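# kindly return the folded structure for what I paste below:
(one chain, ligands or ions: 1)
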Amino acid sequence: MQVLLRHTAVVCGGWIAGVAVQLQHATLDTAGVYGAVALVGALGVWCAPRLRPGLRVVLLFAAVALLAWSSTGWRALEFSRSALSPALEGRNIQVVGVLSDLPRRTAAGVRFRLALETARLDGQTAALPPLLDVAWYSGPAPTVQGSWELQAQPQDLRAGQRWAFTLRLKAPHGSRNPHGFDYELWLWDQGVQATGYVRATADAAPPRLLGEAAAYPLARLRQQVRAGLDASVQDPAVAGLLAALVVGDQAAIERGDWEAFRATGLAHLVSISGLHITMFAWAAIALAGWLWRRSARLCLWLPAPRAAWLAGLALAVAYAAFSGWGIPAQRTCAMLFLFGGLRWLGVRWPWPLVCLLSAAAVLALDPWALLQAGFWLSFWAVALLCASDDALPARRAGAVPLWLRVAAPLRALAKAQWVVTLGLAPLTLLLFGQVSLVGLLANVLAVPWVTLVLTPLAFAGLVVPGLWDAAALAAQVFLDGAHMLASWPAATLALPIAPWWVVIPALAGALAMVLPWSWPLRLAGAPLLGCTLIWHAPRPPPGEFALLAADIGQGNAVLVQTARHTLLYDSGPRYGLDSDAGNRVLLPLLQALGLRLDLLVLSHRDSDHTGGAAAVLRAQPRLPLITSVDAVESLAPWGSLQRCEAGQSWEWDGVRFQVLHPRPADYAPAARVRVKPNTLSCVLRVSNGRSSVLLTGDIEQAQEAALLRQPDALRADVLLVPHHGSKTSSSAAFIAAVAPRFALVQSGYRNRYGHPAAPVLARYREQGIAVVDSPHCGAMHWRSTQPAALDCERTRDARYWQHRPP
Ligand SMILES: [Zn+2]
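Model prediction:
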């Protein structure tokens, strides 16, 4: 038995290690390499039993790791063969496909997954990836001539419909920032290899509904339920919450509600994630076991733990399937099946081994899950529940007073919740940089409410439509409670994201605190848990500064840090009605790095520079602002407001900041009659006497010429290329005067202005200057301590699924 246990542990450990190593690669190997390595691995597995025990274990581990490495690599290679060819990007392609899931309504139109049937380009069959992520925008569309035209408006799309569209596609490309979300991995794991939009303008064949497909019956059923909910529940926020719970349509939840759920640590209850299904199954097992034990005859026929597990698994699978059968749901069900299956067989393996086996099984199905937050959250939650053994519902039995027996499942749930909330805190800090301080209270109240009242009522409404009124009432109570708790002043604790060597001791501390040990031992875990509180991200030493040009797409947003101060130069673009670079990129980035701003500079009025400002100022209302924008009322509240003018300067921690442009005369009414906002861009120079940086906004050649009157002030190691590399800017004389080591272009991948322009790039190249752009580099890091080095976020931890623009 011991030998079996040891070998299982070795095989599982080897598999996980092999997958983990493969996921670190920046490029894929050839099928030949994977085949050869798999052969070596298989040979190792075959030889292992013939060796003495010590060697056997080592060889088995290595051989299984090789098998896992090569099989994962081979799968990735096969999948990457159907990637979108760069030659097809941005072309009008005629596509017929079926909506494979519920479409999501957004502020800008509708988004959906399209399972491809046929694709044609210029009358020829085109090879496209099998699954596409498509948007159909409701606003006017830009024409080839640069003007705007009204396009065919999005219609009421439904899952299971077959449509003919003209699509414009591109490879999945997300922004890459420190601690940012890996959008490309997220799409890769779901099998999506191209994103795009419906071209519904005069130059394209109009979208046509071709009928209903027989495929995707579950998605069609979920669509019907979604429509039924919309029809019978008046309040859209409540209908959205019920849709999220019943059919997994998380996009139906309103933004403000999401923020409240996040602040109260309740988001896992409304997103059908691994953690949610784990908690759901745990509650279902507890309840089923408790009910089963009411009858001695049932228990004789089938022991309560088995019955409870069967019921819990069946409910969890049904729930996961109905909520969209997403990847997190699939792997959670696999894990539950294995977990319970071992218990069913009477295998009383130690829980760490069961966790290891489940993890290896999940990774055999979906290797890329290893990098998903949901994988770690659900495994850590299960590990904690197992480790704090008496939280297991199966242990409860014997003669206890009636009130205790009635309260038992609730007590078990509350206990499980305490364990999970405390134990997950360091992990959520590592993954999200935020932990909810009201989370324990919120979860103790909300988990029984959502799992035992709200979700059952919402599902019962499928059969008895009248019950949706009761479900709506329960949902309203839940929403009101979440908003009330979220409004408490200290609802959440946000900390900079700590490195793994801080988090691992904290996780050990959390585990110690929930183990069924004596209290002195458990309290010893607290200082370890506290490690995360005192960690600070390193800052530049006095007299030095660091630059971080965030990857915000088409626009400018640059963070400048000195030893004790932080400046944000521009705030990036607006992406849509309710999303901009401020709330999507800059605030999460500032939080992850543990930074508070001391000053915001908004170079000029254009929305690709001011789009995120309102969000930044809302998060930090007393922030001083320097800008050339005169109508800033919409951005209020700011702390103090100064017009940016050449001649302004200040010093922070031995680093000098100087405004070089615009001159006060540029603001004179006569000068402003004809001018574009670009011409008033604040130009900021940052220098410590040894190294310097020049930030130029969208100045054009006339302003560059004016700056050339004081060429000594222009020399810089790093230049933020004027106007994103537009043809209107970067004159040869200006480039020569600045003579930077690095020219940084902040622009969007395949942006419609064609920035940076080829002639401009050539001008920099002629002078031997390296141009770095955000589509290729992601966020750009530069430090005055190492002026000759520029770090790209995209190449720092490059992985094979990440997009490499041509
Ligand atoms: Zn711009």
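# okay, CA-based contacts and neighbour counts for the rest of this
OK.
# what residue of this protein is the furthest out?
R297 (49.9 Å; C-alpha atoms, centre = their mean).
# roughly how far does it sit from V317?
Applying C-alpha to C-alpha, to the nearest Å, the value for R297 to V317 is 27 Å.
# can you check H803 too?
Taken as C-alpha to C-alpha, the span from H803 to V317 is 34 Å.
# of those two, who's got more company?
Neighbour tally, H803 and V317, criterion other C-alpha atoms under 10 Å: the higher count belongs to V317, 22 against 17.
# is it true that the more buried one touches R331?
No. The pair V317 / R331 is not scored as a contact, 10.7 Å apart, by C-alpha atoms under 8 Å.
# so where is the stretch 451-600 of the chain shaky, pLDDT-wise?
The stretch 451-600 of the chain contains no residues with pLDDT under 70.
# and the helices in it, which stretches?
Per DSSP state H, counting those that start in this stretch, the stretch 451-600 of the chain carries helices over the ranges 455-463, 467-486, 500-514, 519-523, 525-534, 581, 587-593.
# between these, which one is nearest to C47?
Across these, the minimum distance to C47, taken as C-alpha to C-alpha, is reached by helix 500-514, at 36.1 Å.
# hey, what's the angle from that closest one to helix 525-534? Just curious.
Relative orientation of helix 500-514 with respect to helix 525-534: 150 degrees, computed using axes from the mean of the first three to the mean of the last three C-alpha atoms, to 10 degrees.
# CA-only coordinates of helix 500-514 in PDB, if you can.
This file holds the C-alpha atoms of helix 500-514, laid out as PDB (Å, rounded to 0.1, in the frame of the first residue of the first chain):
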ATOM      1  CA  TRP A 500       6.100  34.300  -4.300                       C
ATOM      2  CA  TRP A 501       8.800  34.200  -1.600                       C
ATOM      3  CA  VAL A 502       6.600  36.400   0.600                       C
ATOM      4  CA  VAL A 503       3.300  34.700  -0.300                       C
ATOM      5  CA  ILE A 504       4.400  31.100   0.300                       C
ATOM      6  CA  PRO A 505       5.200  31.600   4.000                       C
ATOM      7  CA  ALA A 506       1.900  33.500   4.300                       C
ATOM      8  CA  LEU A 507       0.100  30.600   2.800                       C
ATOM      9  CA  ALA A 508       1.800  28.300   5.200                       C
ATOM     10  CA  GLY A 509       0.700  30.600   8.000                       C
ATOM     11  CA  ALA A 510      -2.900  30.600   6.800                       C
ATOM     12  CA  LEU A 511      -2.800  26.800   6.700                       C
ATOM     13  CA  ALA A 512      -1.400  26.600  10.200                       C
ATOM     14  CA  MET A 513      -4.200  28.800  11.500                       C
ATOM     15  CA  VAL A 514      -7.000  26.600  10.100                       C
END
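# what comes into contact with that helix?
By C-alpha atoms under 8 Å, 6 or more residues apart in numbering, the residues outside helix 500-514 that reach it are 384, 387-388, 419, 422-424, 426-427, 430, 521-532, 535.
# for ChimeraX, what selects the buried ones among those?
Of the contacts of helix 500-514, the buried ones can be selected in ChimeraX as follows, counting by 16 or more other C-alpha atoms under 10 Å:
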select :384,387,388,419,422,423,424,426,427,430,522,523,525,526,528,529,530,531,532,535
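# show the average pLDDT along stretch 48-62.
Averaged over stretch 48-62, pLDDT sits at 89.
# could you do stretch 601-613 as well?
On average, stretch 601-613 scores 92.
# winner for burial among the helices of the stretch 451-600 of the chain?
Ranked by average neighbour count under the criterion mean count of other C-alpha atoms under 10 Å, these are headed by helix 581 at a mean of 31.
# list the contacts of that one.
552, 571-575, 611-612.
# so which of those comes closest to A108?
Y575 (9.6 Å).
# if I look at the closest residue in space to that closest one that isn't next to it in sequence, how far off is R605?
Excluding its sequence neighbours, the residue lying closest to Y575 (C-alpha to C-alpha, 6 or more residues apart in numbering) is A581, at 7.2 Å. A581 sits 15 Å away from R605, going by C-alpha to C-alpha.
# cool, and F280?
49 Å.
# please apply the same query to L221.
48 Å.
# show me which of those two is the more surrounded one.
R605 (20 against 15).
# any idea which helix or strand of this protein has the worst average confidence?
helix 669-672 (a mean of 66; mean pLDDT, DSSP states H and E).
# C-terminal to that one, what's the next element?
Later in the chain than helix 669-672, the nearest helix or strand by DSSP states H and E is strand 683-687.
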